[in-house]
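Peer 1: Have a look; sequence and predicted model below, questions after that.
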Amino acid sequence: MKLGAQYGYWTGEPRQDVISVGVEAENLGYDSLWTGESYSSDAFTPLCWVGAHTNKIKLATGIAQLGARTPATLAMQAMTLDALSGGRFCLGIGVSGPQVIEGWHGQPFGKPLSRTKETIDIIRKILRREDPVTADGPNLPLPYPKDAPNSWGLGKPLKLINRPLRPDIPIFLGAEGPKNIKLAFEECNGWLPLYYSPSRPEIYNLPKLEQDGDFEIAVNVNVNICENVTEGLLMQKAILAFYIGGMGAQKRNFHTELMSRMGYDREANEIQSLFLSGKRNEAIQAVPDAFADEISLVGPIERIKERLDLWEKSPVTTLIIGANDLPTMRIMAELVL
């Protein structure tokens, strides 16, 4: 099993440590460095900064929001960063959610599943560079139709000017729902799950993977090395309460729906109700310890060693560890690599 480091996105003052984090991760033997985005720092720029100061570690977005960029822009950024880094880039993408896509980017959320498939198809066509790119999907037609609103009618199919270093840049899909997970296995090189439980893989109804296949499953895992498990879980429960309770609308929150599918329907709805009514501390307390524990690594080192055995036996290929705690990154390197 490989290790990745999750740099994430800025949540307070701009961070200046991305180079030191990336160099440390590479020196420790981490396979990849991941960045995210919400409505603060973007996912691509920090990877450019790190890529110029490292030689081996893979550079991955986890995730870049589909609604923030056209498929062509995603392909151009992926191709450029992959070439400049010597073939180290992995494109992790995901739909985000309607609050961010419509509220921040001013784009319709529409039909996320079909939009995702169309995006992947267009990116693949651009990078293969076989023909001028056309697409006839309802969400992302190329060229822009002559009879569409505000069209000048002058668009024509184009082909990427330069040859990519790699026409098969790996694409990972962040997916929570069953149909999106199925799409990840059918169309992508890897899956980025949310709330993955190595003790209950049957929840996800995953396709059977070939033992020697190249498909990757890379999971973000909260690691908290501490003596008291109950106290140590509070940090994870706070994060879960924020996403399950507040990252989405009351009638449509993908994180709430996922927790419900994992067997915590009553608790998921209670967390959301408490959070949206302003009772955030009560929402955190309502997150079951069992749920927070099964998707994270919390406790003394010996306990984490034992629980790592579950991950080793699962189909997960990469554990992505938070990169804001270098001592924990070093301990995990000793335990896993």
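Peer 2: Arrived safely, thanks for sending.

Peer 1: Tell me where the chain has helices.
Peer 2: 18-28, 45-51, 71-84, 98-103, 112-128, 178-187, 229-246, 254-261, 265-276, 280-286, 289-294, 301-313, 326-336 (DSSP state H).

Peer 1: low-scoring stretches of the stretch 201-337 of the chain, by residue?
Peer 2: Filtered on pLDDT under 70, the stretch 201-337 of the chain yields the residue ranges 209-212, 249.

Peer 1: repeat that for 80
Peer 2: Counting by pLDDT under 80, the stretch 201-337 of the chain has low-confidence residues at 207-213, 247-252.

Peer 1: related to what we said a few turns ago, adding distance to Gly155, write the helices of the chain out as a markdown table.
Peer 2: The C-beta positions use only the backbone N, C-alpha and C, and glycine is treated the same way. A markdown table is the format used below for the helices of the chain (distance: least, CB to CB, whole Å):
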| stretch | distance to Gly155 |
| --- | --- |
| helix 18-28 | 38 |
| helix 45-51 | 29 |
| helix 71-84 | 12 |
| helix 98-103 | 24 |
| helix 112-128 | 14 |
| helix 178-187 | 26 |
| helix 229-246 | 39 |
| helix 254-261 | 34 |
| helix 265-276 | 43 |
| helix 280-286 | 48 |
| helix 289-294 | 49 |
| helix 301-313 | 48 |
| helix 326-336 | 47 |
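
Peer 1: Dump these to CSV, plus distance to Lys146 and mean neighbour count.
Peer 2: Conversion of those to CSV gives the following (distance: least, CB to CB, whole Å; neighbours: other CB atoms under 10 Å):
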stretch, distance to Lys146, mean neighbour count
helix 18-28, 44, 18
helix 45-51, 36, 20
helix 71-84, 19, 20
helix 98-103, 27, 17
helix 112-128, 19, 20
helix 178-187, 29, 16
helix 229-246, 42, 20
helix 254-261, 36, 20
helix 265-276, 45, 19
helix 280-286, 51, 18
helix 289-294, 52, 18
helix 301-313, 53, 14
helix 326-336, 53, 16
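
Peer 1: Looking at those, which is nearest to Gly36?
Peer 2: Distance to Gly36, taken as CB to CB, is lowest for helix 45-51 among these, at 9.9 Å.

Peer 1: Thank you kindly, that will do.
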